[in-house]
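Q: attaching a predicted model along with its sequence, questions to come.
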Protein chains: 2
Amino acid sequence: MAMSKLGMNEEKLSPDNRDYVGALASGLDVIMAFDPQHKEMTLSEVAEQTGMDRAKARRFLLTLHALGYIKREGRQFTLTPKVLALSYAYNASNDHLNVVEHYLHDITAQLGESSSLAVLDQQDIMYVVRSPAAHRLMSIALSAGTRLPAAYTSMGRMLVAKLPSEEQKEWLKNVFLEEFTQHSIVDKPAFEQMLVQVAEQNFCIVDQELDLGLRSLAVPAFTFDGSLLGAINLSTNASRVSHQTLIEEYLPVLREVAEQIRLHTK
Amino acid sequence: MAMSKLGMNEEKLSPDNRDYVGALASGLDVIMAFDPQHKEMTLSEVAEQTGMDRAKARRFLLTLHALGYIKREGRQFTLTPKVLALSYAYNASNDHLNVVEHYLHDITAQLGESSSLAVLDQQDIMYVVRSPAAHRLMSIALSAGTRLPAAYTSMGRMLVAKLPSEEQKEWLKNVFLEEFTQHSIVDKPAFEQMLVQVAEQNFCIVDQELDLGLRSLAVPAFTFDGSLLGAINLSTNASRVSHQTLIEEYLPVLREVAEQIRLHTK
């Protein structure tokens, strides 16, 4: 068997396994430590953000600097655009993303709303492709790689509803229900009931549970051979688009786009 | 001095320095080994692509798998969307990119042409932000992180023309002039002469030197405080838009966008 030849189980390698390269994990942690609240950091700040001691943080900063991923001005370190080459490796190795992007742009052209594809990563969703509503500067802030809590997004709930039963149980065991707004479902039985309904209807609407004024609708997206690409959504302003309009007018558009994606990902 | 405190020179750390973490470099090499020609690879193929022996390639694959950056089906390894989280760290830590994206979309809306921002990385340019021409599926294939030879792109030549004299000399020493089409400049003195002209006029047109039918126009883009963000361009089809139209009608639009970017990156 190929698996045993590689000496791998489906199980993930544990960090205390002798084959686990801790230095790689730490280096990636240093890259991930940069975010909107930490755009530039000193050595001490990187150490603090990553929980490393200064000597360790210094070695990783120096190595990333040598590799061109980090630049330095005085005591301040920032990421360079070379970091984009890493995500390019992902984008370039996924033919389907071009197709998805093309059809998400159709939604934005037709309805004037932003649209996205996201995947589930533990308790978060991660945006993979995004079509921002034209000329709404604010809407651009969500980009590929942005994470949001799966429990309070339409794409997240749709994807959790699609999980195999055992995985869904495990997910529900770890979910943290949080009152983002007065509309947020925080009762576990009510949350599970909602998931059953989402699975049955095969679409999901989240209405101002993450943010007041934000209404979002999601459906699953599959490739032609039936593998789940993720969920696609459109999000809109509650004051412009009613719940009823979402279901009667927007849902058919989203479903048609999912079908076009399926047909064009042979 | 902050620099000596950190024990760093402006010089980059050499790979034989004891502070250099080779394992981090190797792990990033494994991610970068995936590309359009290598979307999924076996352990042996990863070893071959990266020049590592199998035992080493296996440790890095297993670690990236444990960290969620790589998934495995049978003997095949592919990157996961989690790789996007790395580039998100870059995007999220750069306020200016939203502004750039917004104004590049203006070019596409106004002229119907694709537009980009790229930076120089040694002999290549790397795309950082891209606004694809609406509904041209082909045009989407270039995404953030895509690399092209600086010597045969309008953004590359513009950026090389802007290099400080010593750096430009060094760049010219290493440049490889290649006949991509019958229009490509391959004579070194002619190439240097062209750079002088680009610096003087402060824009650059490359007319079918990289690809027959491809015409591109670039200008430099600065932030409000005068630091160079990169070059912005628009690219078009030679059969639709003449050299003269590029200069008379498109160049003023591109320059206005550069000015808007400057004004909005305080």
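A: Done, it's in.
Q: any idea how far residue B:43 is from the residue most central in space within chain A?
A: Computing the C-alpha centroid of chain A and ranking residues by Cα atoms, centre = their mean puts residue A:126 first, at 0.4 Å. Distance, residue A:126 to residue B:43, by Cβ to Cβ, to the nearest Å: 26 Å. Where C-beta positions appear, they are placed from N, C-alpha and C, glycine not excepted.
Q: picking up where we left off before, spit out the contact partners of the residue nearest to the centre of chain A.
A: A:118-119, A:145-147, B:81-82, B:84-85 (Cβ atoms under 8 Å, 6 or more residues apart in numbering or on different chains).
Q: out of these, which are inside strands?
A: If you go by DSSP state E, the contacts of residue A:126 have A:118-119, A:147 in strands.
Q: name the member of these with the most neighbours.
A: Compared across the ones in strands among the contacts of residue A:126, residue A:118 has the highest neighbour count, 31 neighbours, by other Cβ atoms under 10 Å in any protein chain shown.
Q: quick one: it from residue A:185, how far?
A: Taken as Cβ to Cβ, the span from residue A:118 to residue A:185 is 20 Å.
Q: what do you get for residue A:169?
A: Relative to residue A:185, residue A:169 is positioned 18 Å away (Cβ to Cβ).
Q: count of neighbours near the closest residue to chain B within the stretch 101-250 of chain A?
A: Residue of the stretch 101-250 of chain A nearest chain B, by Cβ to the nearest Cβ: residue A:145 (2.5 Å). Residues near residue A:145, counting by other Cβ under 10 Å, number 23.
Q: and the nearest residue in space to it that is not next to it in sequence, what does it touch?
A: Residue nearest to residue A:145 in three dimensions, not counting chain neighbours: residue B:88, with 2.5 Å by Cβ to Cβ, 6 or more residues apart in numbering or on different chains. Listed by Cβ under 8 Å, 6+ apart, the contact partners of residue B:88 are A:143-147.
Q: mind running it again at 10 Å?
A: A:32, A:34-36, A:83, A:87, A:126-127, A:143-147 (Cβ atoms under 10 Å, 6 or more residues apart in numbering or on different chains).
Q: now it: which helix or strand?
A: Element membership for residue B:88, per DSSP states H and E: helix B:84-92.
Q: mind giving me the domain split of chain A?
A: The record's domain split for chain A, according to automatic domain parsing, is A:2-82, A:94-263.
Q: okay if I get those domains as CSV plus mean pLDDT?
A: Shown next, in CSV, are the domains of chain A (pLDDT from 0 to 100):
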stretch, mean pLDDT
domain A:2-82, 85
domain A:94-263, 89
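Q: tabulate the ones you listed (JSON lines), appending distance to residue B:248.
A: Listed next are those as JSON lines, based on distance: least, Cβ to Cβ, whole Å:
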{"stretch": "domain A:2-82", "distance to residue B:248": "32"}
{"stretch": "domain A:94-263", "distance to residue B:248": "26"}
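Q: looking at those, spot the one closest to residue B:227.
A: Among those, domain A:2-82 comes nearest to residue B:227, with 10.1 Å by Cβ to Cβ.
Q: any chance you could map the helices in the stretch 151-266 of chain A?
A: Taking DSSP state H, counting those that start in this stretch, the helices of the stretch 151-266 of chain A run over residues A:154-162, A:165-174, A:188-201, A:243-245, A:251-263.
Q: most tightly surrounded among those?
A: helix A:154-162 (a mean of 26; mean count of other Cβ atoms under 10 Å in any protein chain shown).
Q: for that helix, the distance to its chain's centre please.
A: 12 Å (Cα atoms, centre = their mean, to the nearest Å).
Q: which elements pack onto it?
A: Other elements packing on helix A:154-162 under the criterion 3 or more Cβ pairs under 10 Å, 6 or more residues apart in numbering or on different chains; DSSP states H and E are strand A:114-121, strand A:124-131, strand A:147-149, helix A:165-174, helix A:188-201, strand A:204-207, strand A:214-222, strand A:228-237.
Q: kindly format the C-alpha coordinates of that helix as CSV.
A: Taking C-alpha atoms only, helix A:154-162 is exported to CSV below (Å, rounded to 0.1, in the frame of the first residue of the first chain):
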residue,chain,number,x,y,z
SER,A,154,-23.8,31.4,5.9
MET,A,155,-20.9,29.6,4.1
GLY,A,156,-19.7,28.1,7.4
ARG,A,157,-23.1,26.7,8.4
MET,A,158,-23.6,25.3,4.9
LEU,A,159,-20.3,23.5,5.1
VAL,A,160,-20.8,22.2,8.6
ALA,A,161,-24.3,21.0,7.6
LYS,A,162,-22.5,19.0,4.8
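Q: quick check: angle from it to strand A:114-121?
A: Here the directions of helix A:154-162 and strand A:114-121 differ by 40 degrees (axes from the mean of the first three to the mean of the last three Cα atoms, to 10 degrees).
Q: any idea of the angle helix A:154-162 forms with helix A:188-201?
A: Angle between the axes of helix A:154-162 and helix A:188-201 is 90 degrees (criterion: the same axes, to 10 degrees).
Q: and the stretch 151-266 of chain A, which of its residues are near chain B?
A: Residues of the stretch 151-266 of chain A lying near chain B by Cβ under 10 Å from any Cβ of the partner chain: A:227, A:230, A:264.
Q: switch the cut-off to 8 Å
A: residue A:230 (Cβ under 8 Å from any Cβ of the partner chain).
Q: centre of chain A to the edge, which residue is at the far end?
A: Centroid-distance maximum for chain A: residue A:74 at 34.1 Å, with Cα atoms, centre = their mean.
Q: now that one: how far from residue A:53?
A: Residue A:74 is 22 Å from residue A:53, where distance means Cβ to Cβ.
Q: now residue A:119
A: As for residue A:119, its distance to residue A:53 is 34 Å (criterion: Cβ to Cβ).
Q: what's the first helix or strand after the helix holding residue B:88?
A: Criterion used, DSSP H and E; the element after helix B:84-92 is helix B:96-111.
Q: contacts for that next one next, please.
A: With Cβ under 8 Å, 6+ apart as the test, helix B:96-111 has contacts from A:134-135, A:137, A:140-141, B:91, B:113-117, B:128-134, B:221, B:223, B:229, B:232, B:234, B:250, B:253-254, B:257, B:260-261, B:264-265.
Q: at 6 Å what do you get?
A: A:137, A:140, B:91, B:115, B:117, B:129, B:131, B:133, B:234, B:257, B:260-261, B:264-265 (Cβ atoms under 6 Å, 6 or more residues apart in numbering or on different chains).
Q: pull that helix out as CSV, backbone CA atoms only.
A: Output of helix B:96-111 as CSV, limited to C-alpha atoms (Å, rounded to 0.1, in the frame of the first residue of the first chain):
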residue,chain,number,x,y,z
HIS,B,96,-2.4,50.6,0.5
LEU,B,97,-3.4,47.5,-1.5
ASN,B,98,-7.1,48.2,-1.0
VAL,B,99,-6.6,51.7,-2.4
VAL,B,100,-4.6,50.4,-5.3
GLU,B,101,-7.1,47.7,-6.1
HIS,B,102,-9.9,50.2,-6.0
TYR,B,103,-8.3,52.5,-8.5
LEU,B,104,-7.1,49.7,-10.8
HIS,B,105,-10.8,48.6,-11.0
ASP,B,106,-11.5,52.1,-12.3
ILE,B,107,-9.1,51.5,-15.2
THR,B,108,-10.9,48.3,-16.0
ALA,B,109,-14.3,49.9,-15.7
GLN,B,110,-13.3,52.9,-17.8
LEU,B,111,-11.2,51.3,-20.6
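Q: residues of it that come out buried?
A: For helix B:96-111, burial by neighbour count (16 or more other Cβ atoms under 10 Å in any protein chain shown) applies to B:96-108, B:111.
Q: cool, and stretch A:37-56?
A: Residues of stretch A:37-56 classed as buried by neighbour count (16+ other Cβ under 10 Å): A:38-41, A:43, A:45-47, A:49-50, A:52, A:56.
Q: that stretch spans what distance, first to last residue?
A: Terminal residues of stretch A:37-56 lie 22 Å apart, using Cα to Cα, to the nearest Å.
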